[in-house]
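1. need a 3D model of the following:
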Amino acid sequence: MNIRLSYYGWMVTRHLVNANQLHLGDSPETDLLLDLYTGLIAPHADSSLHNSMRDEGLIELSNDSVGREDILLRYRRNPFEHVEKVIFEFTTYCNFNCEHCYNAQVPRMTEANPRLLMEAVNSLLRMGIRRFDFVGGEVSRYGNGWLDVVEHIRSHGEDIVISLYTNGWWLEQENFKAAGQPIISTQAYLEELKRRGISHVVFSLDGQGELHDASRHQIGLYQKILRGMEQVKKTGLAPRVSLLIRPEWTAEE
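-> Next up, the predicted model:
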């Protein structure tokens, strides 16, 4: 019986090699990762090193009949190969009732154990994922603990893109509750988002002006978002929009 890198182990090792963070002699685990990355297989041993790396999901057993070409083909078909970002749908609760929203038909629930997401983040970061989006429902209102996950992600690097997707309900508000904590103003909330590690604030738009307001059942929201994007930018965050494309907007040829 042989051992080889798992999908996860292949992604982790490739990321570390490309970042020049793996060097022979650093540790027995490092040496084995590099051996398997270049040589693809190695004899299995009932050792503490092999057992611990199997428990971590870095390596797996491989039948002696599986050759190098089969292993390479498996890595080329790696389902994680082109994963560049991860979306956390933290909650399905929302304070709006938008016409197009699919969440109207799903059970209402919110992540009850953010620490599990932090553990998942640790694995995703090791694979080289550097972009994370937080969506809902409306995570900014109902996602208690989501900013703790954001802060955990940010602690692993300033280059990571972390985005909040929001309907903008908190714009031009005072003394409201968001992310499970009291907030005195919109500006205070933006500063808290930046302090905890958010880099981008993405507002959902369903069209221009009254079309957006009608879809969201919120008079004046479109103009609030336009003003809010400037406030977001002044706070040092990057404003973005997520635009709903309607069939009637398609130009006739």
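2. near D133, how many other residues are there?
-> D133 has 18 neighbouring residues, counting by other CB atoms under 10 Å. From N, CA and C alone the C-beta is placed, and that goes for glycine too.
3. for it, name its beta-bridge partners.
-> Going by DSSP bridges, D133 is paired in beta bridges with I87, S163.
4. thought it was touching F90?
-> No. Using CB atoms under 8 Å, D133 makes no contact with F90, being 10.2 Å away.
5. low-confidence ranges in the stretch 1-150 of the chain?
-> Counting by pLDDT under 70, the ranges of the stretch 1-150 of the chain that qualify are 103-104.
6. any idea how far the longest helix along the chain is from the chain center?
-> The helix spanning the most residues in the chain, taking DSSP state H as the definition, is helix 221-235. Centroid separation for helix 221-235 versus its chain: 24 Å, with CA atoms, centre = their mean, to the nearest Å.
7. only the buried residues of it, if you could.
-> Within helix 221-235, the residues that count as buried by 16 or more other CB atoms under 10 Å are L221, Y222, K224, I225, G228, M229, Q231, V232, T235.
8. stretch 138-146 too?
-> Buried-residue list, stretch 138-146, by 16+ other CB under 10 Å: E138, V139, S140, R141, Y142, G143, N144, G145, W146.
9. now do stretch 177-186
-> By neighbour count on 16+ other CB under 10 Å, the buried set for stretch 177-186 is A178, A179, I183, T186.
10. repeat that for stretch 65-76.
-> I71, R74, Y75.
11. for A238, which non-adjacent residue is closest in space?
-> H200 (4.6 Å; CB to CB, 6 or more residues apart in numbering).
12. in the stretch 151-253 of the chain, which spans are helices?
-> Counting by DSSP state H, counting those that start in this stretch, the segments of the stretch 151-253 of the chain that form helices are 186-196, 209-216, 221-235.
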